[in-house]
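> Just need the structure, nothing else, for what follows:
(one chain, ligands or ions: 1)
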Amino acid sequence: MVRKSIPEVERLKVWVRAGGRCELCGAYLLEGKLTYQEFTLGELAHIVGQESTPDSPRGMDPLPKDKRDLADNLMLLCRGEHNEIDRKGSLNVMTVERLRRIKSDREAWIRRLTGLNTEAGTVVIRLIGQVRGQEVELTKPTAAEAVIRSEERFPDFPLSLHGDGFEIDLRHVPGEQTGGLAYWEQCRLQIDRVLEHKLADALREDSVQHVSVFAFARLPLLVYFGSRLDDTFSVSIYQRHRRTESWCWPNSSEATVRFTTESHLSPSPTAPEGVLLLNISGTIQAGELPEPLSGLPRWTISLQDLTPAVDVINSLSALDEFTSVLRLFLSELEAGHKNLRRLHVLAAVPVSVAVAIGRVHDANVHPDLVVYDRTDGQYNAALEIS
Ligand SMILES: [Zn+2]
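All right, here's what the predicted structure looks like:
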């Protein structure tokens with residue numbers, strides 16, 4: 001009897017699904033164990049035998065003949081185990097059901113393992129809003145290009161109904177220009193909805209290790225968004241750079257950006273509230289503070305030896321530097337001002353810094369943040385992060 005040969009495409013499927021290893025013992029089948037030469041040592045074993053005869057191992061099964069040479073009925077095995085499962089004595093142990101189960105578990109596991117891209121993968125989250133009626137281009141290809149060019153990561157837009165990944169679209173929330181409390185509240189709910197449900201589910205299923213954040217929205221929302229990103233994965237924050245009109249971080253060889261922290265009004269160690277001014281893309285004068293804040297202890301983080309400007313955060317390392325300065329400031333606050341419960345934050349900062357503020361804030365140890373919005377030259381409390 002001449003054995004039919006198995007179609008090439010079915011062979012290929014079995015090899016790929018098995019990851020090049022014996023589906024029983026896991027031996028790697030493309031290299032010799034003694035000489036380390038390249039060999040093709042695997043064999044394709046039929047689960048239901050190729051022929052419907054008692055001589056064909058497990059052949060007396062209802063599976064139609066035209067299905068028997070397909071990948072679903074074939075296992076990649078080493079020669080010894082192929083031989084063994086087809087011996088009379090093992091047929092009642094290595095049954096069709098058992099082999100099918102082993103095959104499908106193993107192939108699912110291999111598919112999952114090879115899909116994890118823990119080193120270079122990144123899950124992209126986009127927060128798309130407006131700033132005083134203005135929008136910026138923030139499509140999937142734009143975000144993908146930025147993560148590849150800036151960090152050589154491979155973007156992933158997982159598990160969404162429309163294949164768009166995690167997208168929080170605030171453009172249809174009314175009231176952006178005036179930024180009233182109803183606007184902040186509605187945007188806050190929308191951010192929570194995506195991060196708490198969709199992202200949490202994806203984290204459970206896909207073991208996300210790295211996230212790339214793209215955001216464009218009013219400042220209080222950026223800080224809030226940053227505060228809602230989990231600590232269990234690392235985050236790269238992107239912003240659109242005005243000079244290049246691109247979301248890619250420039251390959252900056254310019255001098256490092258440094259920051260200084262100053263305190264004012266010799267802050268009393270027992271004060272329950274304080275003010276933090278962040279002068280990075282612009283300068284907020286003490287005289288611009290709303291009246292109730294003017295008597296509170298105040299700290300300012302500003303640029304060292306640089307004029308505030310929108311594009312001043314010109315590299316990921318500049319952003320990292322800001323993050324560590326802010327983290328240090330907050331931990332010193334925690335150590336030296338134990339009674340401080342609320343910190344009023346007035347910030348003239350680029351988008352990436354705003355997200356970083358929320359990200360650094362730890363509600364368990366730091367004072368609550370009251371984030372201010374500037375509309376018509378007036379600073380008003382917008383969102384409280386606690
Ligand atoms: Zn084996």
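> how is the chain carved up into domains?
Split into domains by automatic domain parsing, the chain comes to 8-115, 118-251, 252-386.
> how about a markdown table for those domains, with mean neighbour count and mean pLDDT added?
In this view, the C-beta of every residue, glycine as well, is placed from N, C-alpha and C. Below are the domains of the chain laid out as a markdown table (neighbours: other CB atoms under 10 Å; pLDDT from 0 to 100):
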| stretch | mean neighbour count | mean pLDDT |
| --- | --- | --- |
| domain 8-115 | 15 | 94 |
| domain 118-251 | 17 | 85 |
| domain 252-386 | 17 | 90 |
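> of the ones you listed, which approaches the ion most closely?
Closest approach to the ion among the domains of the chain (CB to the ion): domain 8-115, 3.1 Å.
> Name the helix or strand for L326, please.
If you go by DSSP states H and E, L326 is part of helix 316-336.
> Report all helices and strands that that helix contacts.
Here helix 316-336 touches strand 259-264, strand 298-303, helix 351-360, going by 3 or more CB pairs under 8 Å, 6 or more residues apart in numbering; DSSP states H and E.
> can I get those in a markdown table with distance to the ion?
Listed next are the helices and strands packed on helix 316-336 as a markdown table, based on distance: least, CB to the ion, whole Å:
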| stretch | distance to the ion |
| --- | --- |
| strand 259-264 | 60 |
| strand 298-303 | 62 |
| helix 351-360 | 48 |
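> H241: which of the ones you listed is closest?
Among those, helix 351-360 comes nearest to H241, with 9.6 Å by CB to CB.
> Can you tell me the strand partners of the next helix or strand after that closest one and which way each runs?
Helices and strands here follow DSSP H and E; after helix 351-360, the next one along the chain is strand 368-375. Its sheet considered, strand 368-375 pairs with strand 342-348 (parallel), strand 378-385 (antiparallel) by DSSP bridges.
> tilt between strand 368-375 and helix 316-336?
Put simply, strand 368-375 runs at 130 degrees to helix 316-336, going by axes from the mean of the first three to the mean of the last three CA atoms, to 10 degrees.
> what distance separates strand 368-375 from the middle of the whole chain?
Centroid separation between strand 368-375 and its chain, computed with CA atoms, centre = their mean, to the nearest Å, is 27 Å.
> And the contacts of that strand?
With CB atoms under 8 Å, 6 or more residues apart in numbering as the test, strand 368-375 has contacts from 178-179, 184, 218-220, 223-224, 227, 290, 341-347, 357-358, 361, 379-386.
> ok, now with 6 Å
Contacts to strand 368-375, defined as CB atoms under 6 Å, 6 or more residues apart in numbering, come from residues 179, 220, 223, 342-346, 361, 379-386.
> Please apply the same query to stretch 296-314.
241-243, 250, 252, 258-265, 267, 271, 273-283, 319, 350, 352-353.
> what about it, how long is it end to end?
33 Å (CA to CA, to the nearest Å).
> With stretch 45-52 instead?
Start-to-end, stretch 45-52 (CA to CA) is 15 Å.
> Which parts of the stretch 1-150 of the chain are helices?
Counting by DSSP state H, counting those that start in this stretch, the stretch 1-150 of the chain has helices at residues 8-17, 79-85, 96-115, 140-151.
> hang on, the earlier thing: CA-only coordinates of the helix holding L326, as PDB, when you get a sec.
Taking C-alpha atoms only, helix 316-336 is exported to PDB below (Å, rounded to 0.1, in the frame of the first residue of the first chain):
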ATOM      1  CA  LEU A 316      12.400  61.600  27.000                       C
ATOM      2  CA  SER A 317      15.400  62.300  29.300                       C
ATOM      3  CA  ALA A 318      14.200  65.800  29.900                       C
ATOM      4  CA  LEU A 319      10.800  64.400  30.900                       C
ATOM      5  CA  ASP A 320      12.500  61.800  33.100                       C
ATOM      6  CA  GLU A 321      14.400  64.600  34.800                       C
ATOM      7  CA  PHE A 322      11.200  66.500  35.600                       C
ATOM      8  CA  THR A 323       9.600  63.300  36.900                       C
ATOM      9  CA  SER A 324      12.400  62.700  39.300                       C
ATOM     10  CA  VAL A 325      12.500  66.300  40.500                       C
ATOM     11  CA  LEU A 326       8.700  66.200  41.200                       C
ATOM     12  CA  ARG A 327       8.900  62.800  42.800                       C
ATOM     13  CA  LEU A 328      11.700  64.100  45.200                       C
ATOM     14  CA  PHE A 329       9.600  67.200  45.900                       C
ATOM     15  CA  LEU A 330       6.600  65.100  46.800                       C
ATOM     16  CA  SER A 331       8.500  62.700  49.000                       C
ATOM     17  CA  GLU A 332      10.200  65.600  50.900                       C
ATOM     18  CA  LEU A 333       6.700  67.200  51.300                       C
ATOM     19  CA  GLU A 334       5.500  63.900  52.700                       C
ATOM     20  CA  ALA A 335       8.400  63.700  55.100                       C
ATOM     21  CA  GLY A 336       8.600  67.400  56.200                       C
END
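> Give me the distance between that helix and the centre of its chain.
Relative to its chain's centre, helix 316-336 lies at 23 Å (CA atoms, centre = their mean).
> what's it in contact with?
Under CB under 6 Å, 6+ apart, the answer for helix 316-336 is W249, V257, F259, T261, I313, S352, V353, A356, V360, V365, H366.
> Correct me if wrong: R153 contacts V124.
No. R153 lies out of contact with V124 (CB atoms under 6 Å); the separation is 9.4 Å.
> circling back to that earlier point, can you state the direction angle for the helix holding L326 and strand 259-264?
30 degrees.
> ok and helix 316-336 relative to helix 351-360, angle-wise?
Relative orientation of helix 316-336 versus helix 351-360 (the same axes, to 10 degrees): 40 degrees.
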